[in-house]
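Student: Structure for this input, please:
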Amino acid sequence: MYILSCMIGIYLLPLSTQKNRIIRRQMAKQRQEMLFGIRAAMEAINSDKEIEKVLIRSGLAGPLYNEFFELVREKDVPYQFVPKEKIDALDQRNNQGVVALIAPIPYQEIEDVLPEIMVGGKIPLILILDQITDVRNFGAIARSAECAGVQAIIIPFKNSAKVTPDAIKTSAGALYNIPVCRVQNLKTLVRTFKQEGIRIVAATEKGDKMYTEADLTLATAVIMGSEDVGIDDGLLRLADEQVKIPILGAIESLNVSVAASLMVYEAVRQRSL
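Tutor: Numbers count the residues shown, from 1 in each chain. You can find the predicted model right below:
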């Protein structure tokens, strides 16, 4: 009877209280990666800390806020307007209506990573992830990529999963060991890669050859797209090759993390021959 009454008591809590508890549980593991307050967030942005996202209380106003928001837009920091209840659920102190989520792992610059690959005498094998927004897929891809010796993963600033605690957990810690680079424009990056002699292979159901027929022994960047919309048409047109993974069953596509594993391990197979 006591257990039952406790359960009933939980369900009779006000909805807002229940929602706050859920939010706290979801964010508790990230608490050490959070900064509260406008000035703290501004200091982090100005010191070039990796800001995952800034949460801003809806309706916030004032001269200090205007200065802060101008900085956010100038530095192209991702932001989201949220209800007051969500901000307060994260921290009951004077948070000034702003919470900055700090990336648990710093992103790297592909301009720094690529020369290291070349100097090390390795044949580049790089993954480009286009519009993959699920953090668990991202983590699973990173795990396979690290095991296969992929030297870098590249994601866009927008419309992409980020390095979060959930992604790190799903990757079994692989995200600590493989460089993740963010770029403003994937098309610009692909054009640069092609100038550097890196072949671009896009994995897509629109491909005209099997993935095993692509020569992955060469310096290669493999583009993987989201399961729902695939790879952006502009990126597809820039690819040197479009390859497909055979689907023999009724389901039309593989999970993107599985498809990425097949692609990178095909490169491992070819390079080990």
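Student: Could you point out the longest helix of the protein?
Tutor: helix 256-272 (DSSP state H).
Student: what helices or strands is that helix leaning on?
Tutor: For helix 256-272, the packing partners by 3 or more Cβ pairs under 8 Å, 6 or more residues apart in numbering; DSSP states H and E come out as strand 125-130, helix 135-147, strand 199-203, strand 220-225. Where C-beta positions appear, they are placed from N, C-alpha and C, glycine not excepted.
Student: quick check: angle from that helix to helix 135-147?
Tutor: 10 degrees (axes from the mean of the first three to the mean of the last three Cα atoms, to 10 degrees).
Student: Return the alpha-carbon coordinates of helix 256-272 using CSV.
Tutor: Extracted in CSV, the C-alpha atoms of helix 256-272 (Å, rounded to 0.1, in the frame of the first residue of the first chain):
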residue,chain,number,x,y,z
VAL,A,256,23.1,5.0,-41.7
SER,A,257,25.6,3.8,-39.0
VAL,A,258,25.5,0.3,-40.5
ALA,A,259,25.9,1.7,-44.0
ALA,A,260,28.9,3.8,-42.9
SER,A,261,30.5,0.7,-41.3
LEU,A,262,30.2,-1.2,-44.6
MET,A,263,31.8,1.6,-46.5
VAL,A,264,34.8,2.1,-44.2
TYR,A,265,35.4,-1.6,-43.8
GLU,A,266,35.3,-2.1,-47.5
ALA,A,267,38.2,0.4,-47.6
VAL,A,268,40.0,-1.6,-44.9
ARG,A,269,39.4,-4.8,-46.9
GLN,A,270,40.8,-3.3,-50.1
ARG,A,271,43.8,-1.6,-48.5
SER,A,272,44.8,-4.9,-46.7
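Student: which residues sit against that helix?
Tutor: 123, 125, 127, 132, 137, 140-141, 144-145, 148-150, 201, 203, 211-212, 214-217, 220, 222, 224-227, 245, 253-254 (Cβ atoms under 8 Å, 6 or more residues apart in numbering).
Student: so where's this structure uncertain?
Tutor: 1-32, 91-93 (pLDDT under 70).
Student: Got the domain ranges for it?
Tutor: The chain breaks down by automatic domain parsing into domains covering 30-102, 110-272.
Student: and among those domains, the most buried is which?
Tutor: Across the domains of the chain, averaging neighbours per residue (mean count of other Cβ atoms under 10 Å) puts domain 110-272 on top, at a mean of 18.
Student: what's the spacing between the closest residue in space to G37 that isn't next to it in sequence and A40?
Tutor: Excluding the flanking residues, the one nearest G37 by Cβ to Cβ, 6 or more residues apart in numbering is Q96, at 4.7 Å. As judged by Cβ to Cβ, to the nearest Å, Q96 and A40 stand 9 Å apart.
Student: Could you do L55 as well?
Tutor: L55 is 13 Å from A40, by Cβ to Cβ.
Student: joint contacts of the two?
Tutor: A100.
Student: Setting aside sequence neighbours, what's the nearest residue to V54?
Tutor: Y79 (4.4 Å).
Student: Next, the contact list for that neighbour, please.
Tutor: K53, V54, L55, I56, V72.
Student: And L114, by the same measure?
Tutor: Shown in contact with L114 (Cβ under 8 Å, 6+ apart): P124, A152, E196.
Student: Excluding sequence neighbours, find me the nearest residue to the first one.
Tutor: Pointing back at P124 there. A219 (4.3 Å).
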